[in-house]
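> Okay, sequence plus prediction incoming.
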Amino acid sequence: MASTWFTEQHTASGSAVGYRVREKLADEQTPFQHIEIYATTDWGNLMVIDGCTMLTTRDNFLYHEMMTHPALYTHAAPKDVVIIGGGDCGTLRQVLRHPEVGHVAQIDIDERVTRLAEQYFPELCESNADPRAQLLFDDGIKYMAEAAPDSLDVVIVDSTDPVGPAEGLFNTKFYASCCRALRAGGILVQQSESPLVLLDLIQSMQREMRAAGFTTTRTLPFPQPCYPTGWWSTTLARKGGDLTRFREHDAADKPFQTRYYNVDIHRAALAQPEFMRTALAV
């Protein structure tokens, strides 16, 4: 019997990523997007939204750990956190591992992402009932526009690509609302695609973050096999303060286990590849 494959073609890089699948577990068209879940032969379950790979059981830890721990260990005392998007709850799970965090609001426009994650990626949703967690299914752009000034410490934008529902999360107006809601020293974190083929997007993000009032920006690359080119990034912006220094002692003595992030990985991610150093020089 011939193998069945799910393949995502990526025009910008002229490449494709594929997975051998055993069966399709779910297929839903929501009011916002088309969600599919597959059981693969080697990578666990696979979530696809609008034809684009979102996560696999096998390698999602890379993304979720790098979207959270560098920012949380850079902030002096992160207590109030907001996650925009992140409906699979993997980012929420990592944030809640930090005992100093007192409240996390996750705002995803599509509740079906979370309900399907609870069914097919239950390990990512293990902290959903934590009393510090608040799951809201609403418009994240509207939420940040209405957020009280100086009320947050970290905002994490765990979004899909900058098209469709996520398009409004990549512009100066949205970044300005985040900056206004953050306290002094607060940090904005956003997934920023592949630096290998979408460096122009990262340049634009950093420019617009600074135009919105953030004083420093930094892009941290990391491996991500399930995404186009296998190399991804997160971009941080800070409302006053440095992004190249972090609480190294606390990161070295973190009271929880990780699979990728550690103090040395954090230091290494701050070392910019030469082409990024040149392109992102401010």
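Alright, I've got the coordinates. Numbers count the residues shown, from 1 in each chain.

> immediately after the longest strand along the chain, which helix or strand?
Longest strand of the chain, by residue count under DSSP state E: strand 15-29. The helix or strand immediately downstream of strand 15-29 is strand 34-40, counting by DSSP states H and E.

> Pull the distance from stretch 238-250 to the chain's centre.
Here the centre of stretch 238-250 is set off from its chain's centre by 19 Å, with C-alpha atoms, centre = their mean, to the nearest Å.

> Report the mean per-residue pLDDT for it.
Averaged across stretch 238-250, pLDDT comes to 96.

> mind listing the helices in the stretch 51-200 of the chain by residue range?
According to DSSP state H, counting those that start in this stretch, the stretch 51-200 of the chain carries its helices in the segments 60-66, 69-74, 90-95, 111-120, 140-146, 172-181, 199-211.

> domains in this protein, as residue ranges please.
With domains defined by automatic domain parsing, the chain comprises 4-56, 60-279.

> Mind putting those domains into TSV with mean neighbour count?
Using the backbone N, CA and C atoms, a C-beta is placed for each residue, glycine as well. TSV is the format used below for these (neighbours: other C-beta atoms under 10 Å):
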stretch	mean neighbour count
domain 4-56	16
domain 60-279	19
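
> on that earlier part again, show me what the longest strand of the chain packs onto, helices and strands only.
strand 4-10, strand 34-40, strand 45-49, helix 111-120 (3 or more C-beta pairs under 8 Å, 6 or more residues apart in numbering; DSSP states H and E).

> got those as a markdown table, with distance to A181 columns?
Below are the helices and strands packed on strand 15-29 laid out as a markdown table (distance: least, C-beta to C-beta, whole Å):
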| stretch | distance to A181 |
| --- | --- |
| strand 4-10 | 34 |
| strand 34-40 | 29 |
| strand 45-49 | 27 |
| helix 111-120 | 23 |
